[in-house]
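Participant: Give the three-dimensional model of this entry:
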Amino acid sequence: MQDIVKQIVDMDRKAREITAAVEQDRLNSEKEIAQKRVELRAEYLAKAREAIPSSESQERAAAEKEWEIVAKKHADLSRELDELYSKKGDEWVNNIVAQVIGE
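Facilitator: Residues are numbered from 1 along each chain as shown. From the prediction side, this is the model:
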């Protein structure tokens, strides 16, 4: 009878040890996951901060190129309007005056 009680007590003790070990493993895993999360976030932010200057220069170059295209188009249109005005400006003025005074 004492052997059976001793076996039950030993089994209970071993079960408690196993449960404690599993709980400790779970806690350790949670700590590792939290630490890994912090490390990954820091790594991601570091990479993003490194990428910003190169992206900024590329974006700036692309914007500058776009601006040059727009500025050239604007200059071309302005030149065309000036040429057209020099050719037909007097005609336009006469037409506007005629319409205003009702001729």
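Participant: What about the residue nearest to the spatial centre of the chain? Give its phi and psi, please.
Facilitator: Among the residues of the chain, the one closest to the centroid is residue 48, at 9.0 Å (Cα atoms, centre = their mean). Main-chain dihedrals, residue 48, degrees, to the nearest 10: phi -60, psi -40.
Participant: same question, residue 102
Facilitator: Dihedral angles (degrees, to the nearest 10) for residue 102: phi 90, psi 30.
Participant: I'd like to know how many residues surround it.
Facilitator: 5 (other Cβ atoms under 10 Å). For glycine as for every other residue, the C-beta is placed from the backbone atoms N, C-alpha and C.
Participant: mind checking how far it is from residue 92?
Facilitator: In this view, residue 102 and residue 92 are 18 Å apart by Cβ to Cβ, to the nearest Å.
Participant: can you give me how far stretch 80-92 is from the chain middle?
Facilitator: Relative to the chain's own centre, stretch 80-92 is displaced by 49 Å; criterion: Cα atoms, centre = their mean, to the nearest Å.
Participant: And for stretch 37-56?
Facilitator: Worked out by Cα atoms, centre = their mean, stretch 37-56 lies 11 Å from the chain centre.
Participant: Show residues contacting it.
Facilitator: Stretch 37-56 has contacts (Cβ atoms under 8 Å, 6 or more residues apart in numbering) with no other residue.
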